[in-house]
Structures are given as C-alpha cells and as structure tokens.
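Engineer: Okay, sequence plus prediction incoming.
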Amino acid sequence: MNAVIISSRQKPFVLALLGLGLVLPFAIYPVFLMKGLCFGLFAAAFNLLLGYVGLLSFGHAMFFGWSAYITAHAAKEWGLTPELAILAGVALATLLGLVVGWLAIRRQGIYFAMITLALAQLMYFVAVQAPFTHGEDGIQGVPRGRLFGLIDLGDTLTMYYFVFAVFVASLLFLYRVVNSPFGQILKAIRDNEPRAISLGYEVTRYKLIAFVISAAFAGLAGSLKSLVFQLASLADVNWHISGEVVLMTLLGGVGTVLGPTVGGFLVVAIQDYFAGIGSLVIIIQGIIFVVCVLLFRSGMIGVLTPWLKRRGING
Amino acid sequence: MGDDFIVETRSLTKEFKGFVAVSDVNLRVRRHSIHALIGPNGAGKTTCFNLVTKFLTPSRGQILFNGRDITHTQPAAIARQGMVRSFQISAVFGHLTVLENVRVALQRKQGLSLQFWRSGDCLNELNSRAEELIEAVGVAEYRDVPAGELSYGRKRALEIATTLALDPEMLLLDEPMAGMGTEDVKRTAELIRRVSANRTILMVEHNLSVVADLSDTITVLKLGHVLAEGSYAEISNNPEVVEAYMGSGHGDAAGGAAGHG
C-alpha cells in the first residue's frame, strides 16, 4: 500500500538514505542541498493534506512565507536564538492554520482551493503593507545565530546538519501521523467521506487537525529557509510558491512519504540548473510537469516503489 | 405509543425548491422488527431515508429515535447513538484493506482515533474482532486485499460487516440488494435476517419481491405520501397498492417473491 514506504524490510534502504544525507554535503554544494531539504519538507507537509485527506490547498505559501517572516524578524530584531525564532514562526503558522482551516474546511474541491487561495492573497497583501516585512526589500541579513546559544550556525556545514536533523525528525513525525490511528481515519475520509460520517466520525475535526499539522510543518520549512538564506521576502508568500508545492508533490508522488521530498529536490534542481536561461525555466518546468502527468500518474516514487518492492523480494 | 417504537417521524416533509419530495410522512418503526420502505421510482424512499439519518434536513416535521428528538442532531452524532446507515452505492474505503475497513469502524469505540502521535500498532488489538466480522459475512479470504478490488456483492458484504462492527441498535439499509444477481440477493437476504436478531432494521427497496419474506412491516410510498402500511399479505391485497405499484402483474410479482424465498 501507498503508506508503507518504510516497512521494516525497507529499513536498510532508509538507513542508506540517511547515510547519503550525511556525506552528500561533501560532494554537492550544501546550500543547494539545504534548499532542497526545505522545499522537500514543505512538499511533505503539503502532501499530508493532498495525499492523505484529499484536500488541495492553494494557499500554503502563506504558512511558508509568514513563518519565514516571523523567524527572520525574531532572529534579527528581537535577537532570539535560532530554535526560538523557528518556534515563533511555527507558532504563527499553526495559529494561522487553525483560523484558515476553520474557515475553509467546510468546503470541498475547488471551493476549498479557492478559499485557501483567497486567504493566502489576503495575507500576501498584509505582508506588502506591514512595515516590519520591509516590503519589496524583505528582511535581509538575518543572523543564523547560535543554536541553543552554543552551536554557531554561521558555518555552512553545521547549518546543513541542523537542517538535515530537523528534516529527518519532521519526516519521521509525518510518517508517524500517517500511520497512526488518526491517519487511518484520514485515509478513510479521503476514500469515502459520507461513509466515515455514517460510522460516527466528526470528519471536520479530523480534517482540521490534519490542516493545522500541515500548516505547522509548512511553516517550519519556511522558517528554516529564512535562516538558510538569511532572507525572508515577498517571494516566499507569493502564490507562485503555493503552485510550486503542488508541482513538487505531484512530480514526486502524491500519497507517498518520500515522493514529495524527491519532487522538491527535483524542482529546486531544475530551477538552479537552468537559472542561466532566465524565465524560460518556467516553460521547461511546465513541459516536465505535463510529461510527468501524462507518463507517470503516480509520480516518481509512485512508479519506483513497485520496482523497488520487486527487487526487495528478489534480493 | 412510545417505547414500542424505536423510530418515529411526525409530519415529516421535505421540499426542494417548490417540489415536495416527502410530504407529511408519519412513519413508526417497531423495535426488533424488519421494516421495509418500498415504492416506485421517485416515491421519496431515499429522501425519506436520508431525512431519518439526517443526511438531509427536513423542511418540517419531527424525528424521534428512542423517544429522543433528533430532528436537529448531526449525522455523525446519530451514528454514535446507535443508528447506522448504509449507502445505495456500495460504501467501502477503496484503498484500505478488507480488514482495515472493518477496523475503521471498531476504532471509534477504542477512542484513540484523534491521537496522531500514537503508533498504528495499537490498532492490531482490534484484529481478532475484525476477523470474526469478515468471517461472518464470508469475505475472510480477502482479508488483506484493498476493498476497491472486491466484486460488487462482496463490497456489500464488507459494508455490512463494517456496519455491524459498530454493534448498532438500529440499521438502515439503502437498497441493500440493488444491482445484485439472484445468488447474491439470496445470500444478502439471509445475512440481513441473521443480523436482525436483537436489532431493528429499516430498509429501502425498489423491488417488492425481495422484501416479501424478509419484512415484518412494509410501508408503501407514492409521490412522497404513505399509500399503505402493513404486512406483506395486507399490502399485496390492497387494491390501491396493486394499482399504483405492482400494476397488472401483481400475481406474478407475488409468485416471484415466493420463488425467491
């Protein structure tokens, strides 16, 4: 089944990935890796909603971007240590998730997407107007600071391992959520909502909790990103980001645990690799997206998983 | 009056933009009976059914369950009070396995369903009960198959197992035998009879013949009104019913019903 990407049989596979994550910064530019991890986490958080509840949010940039702003502001103006600055950002994203979720969750399909988009646009214009975001300039020169007041994150490699640790812990947590008793009900709601109601479940409560968890982790991804690049800007709250996360999730494989991360890395890689050709990047992205949707509906990981499983059985 | 009836509707009415789908229906379902709601297409059976389970809100009238007014209660809350419905289109969770489908229902009483931080292993304690239930409806050999891959008849059987997992006081079945072949109809009728012990069943059916032997009471609806109510013998001898519902083929319909047993 979809959810069981990490079964006990696949443990060696997961350990290999972990090992890879530890040595990769010696081979590949760490800042690029960190960007991939941030967007990978963002997509994984988004996938909790799309893949396991069947809700397409088109406003996740507001959690990502606003959390980035708060973390940047807290680190720069209030002088908070990075973990507290991140916590502040995530707290706001969680709260925002609760309000937006409460408003949007009663609607389904395109209406749900439209309400989330509208609220995200609203929050975008708040970001344009609010003085502390510094408008077009954004919050620049955000200090990475010392983790717990001890470990200097100014060093790129140290920062990488911090981001990697947060990423792994978050993914494990999301995996746990999907496979918890709660996750089981989420999947039931995704498959057949009226039936879940008829069995006595208050489905709006389950959807709202999933929405808030998703918003919180989207926020965490944004916070990390603002520390990695030492910048929080309007680009982070822009609706482009909401669209990109849909793209990442679908490319990697919706409803799989690792898929969205793979998709996140892929999109970031395309953007970096083709950065030289300017706005043509969007066209290339579009073409890749169309090809993916036509050729592998279930995304990269969705296509790879059966193949890996077969190999696992053979080996 | 009163305690003898588990469900009672008073002047139940549902209008859709000027069209009256259900009009002034007073339905009383006797405890521990099998009660069938029949009628030709467009008679308001399914609307009536959706009103009782609160998937639709009545325009006027009152619904009582165990003497309690549930006219304004949420559908999920009604399920928790012991009244569980099925659906016309077989309602299973397609991506979950047969066992998991039943476990979703068992999970509710376990009370851990909101705990998103807990490992899914705690659900395994429900497995033995879930296995009993899928054994009882005859789908045990498909335990680990995604429910979406089952045949139509087996999906319906699984749906009944899932419903029974809640141990409801009252079951509402929406055309449980719609679209089934003769073999499946027989098996499902047998299953319904078996699970009706100590329970009340209200079922909607299009076809009179399949409910003939099964039901204690039959209510015939026509154009949103109650046309007649009584045992199969009473109903099938009612000239109004014969004319409105069975047409001239009445004798054949009754004969066919006996044949289906």
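Structural biologist: Done, it's in. Only a predicted model underlies this, so the values are computations on that prediction, with no experimental measurement involved.

Engineer: so what's the residue most central in space within chain B up against?
Structural biologist: The centre of chain B sits closest to residue B:173, judged by CA atoms, centre = their mean, with a distance of 1.2 Å. With contact set as CB atoms under 8 Å, 6 or more residues apart in numbering or on different chains, residue B:173 has these partners: B:85-86, B:192, B:201-204. No exception for glycine: its C-beta is placed from N, CA and C like everyone else's.

Engineer: The stretch 151-300 of chain A: helices as residue ranges?
Structural biologist: Assigned by DSSP state H, counting those that start in this stretch, the helices in the stretch 151-300 of chain A fall at A:156-178, A:181-191, A:193-198, A:203-228, A:234-237, A:239-252, A:259-273, A:280-295, A:299-314.

Engineer: Export these to TSV and append columns for mean neighbour count and mean pLDDT.
Structural biologist: Converted to TSV, the helices of the stretch 151-300 of chain A look like this (neighbours: other CB atoms under 10 Å in any protein chain shown; pLDDT from 0 to 100):
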stretch	mean neighbour count	mean pLDDT
helix A:156-178	18	92
helix A:181-191	24	92
helix A:193-198	22	90
helix A:203-228	26	95
helix A:234-237	21	89
helix A:239-252	23	88
helix A:259-273	22	87
helix A:280-295	12	80
helix A:299-314	14	64
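
Engineer: Output the ones you listed as TSV; include the columns distance to residue A:147.
Structural biologist: Shown next, in TSV, are those (distance: least, CB to CB, whole Å):
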stretch	distance to residue A:147
helix A:156-178	6
helix A:181-191	31
helix A:193-198	42
helix A:203-228	10
helix A:234-237	22
helix A:239-252	26
helix A:259-273	23
helix A:280-295	34
helix A:299-314	32
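
Engineer: possible to save the ones you listed as TSV with distance to chain B?
Structural biologist: Output for those, formatted as TSV (distance: least, CB to the nearest CB, whole Å):
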stretch	distance to chain B
helix A:156-178	5
helix A:181-191	4
helix A:193-198	4
helix A:203-228	7
helix A:234-237	27
helix A:239-252	17
helix A:259-273	16
helix A:280-295	20
helix A:299-314	13
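
Engineer: Among those, single out whichever gets nearest to residue B:44.
Structural biologist: Closest of those to residue B:44 is helix A:193-198, at 19.7 Å (criterion: CB to CB).

Engineer: Out of the contacts of residue B:173, list just those in helices.
Structural biologist: In this view, the contacts of residue B:173 that belong to helices under DSSP state H are residue B:192.

Engineer: Of the contacts of residue B:173, which belong to strands?
Structural biologist: Members of those lying in strands (criterion: DSSP state E): B:85, B:201-204.

Engineer: ok, and of those, which contact chain A?
Structural biologist: Contacts with chain A within these, as defined by CB under 8 Å from any CB of the partner chain: residue B:85.

Engineer: List the buried residues for stretch B:21-30?
Structural biologist: Neighbour-count burial for stretch B:21-30 flags B:21-23, B:25, B:27-29 (criterion: 16 or more other CB atoms under 10 Å in any protein chain shown).

Engineer: just stretch B:96-110 next, same as before
Structural biologist: B:96-108.

Engineer: Return the subset of those residues lying in helices.
Structural biologist: B:98-108.

Engineer: right, and residue B:56 touches residue B:13 too?
Structural biologist: No - with contact defined as CB atoms under 8 Å, residue B:56 does not count as touching residue B:13 (11.5 Å).

Engineer: Which residue comes closest to the residue in the stretch 201-315 of chain A that chain B sits nearest to once chain neighbours are left out?
Structural biologist: The nearest approach of the stretch 201-315 of chain A to chain B comes at residue A:202, 5.0 Å away (CB to the nearest CB). For residue A:202, ignoring the flanking residues on the chain, the nearest one in space by CB to CB, 6 or more residues apart in numbering or on different chains is residue B:76 at 5.0 Å.
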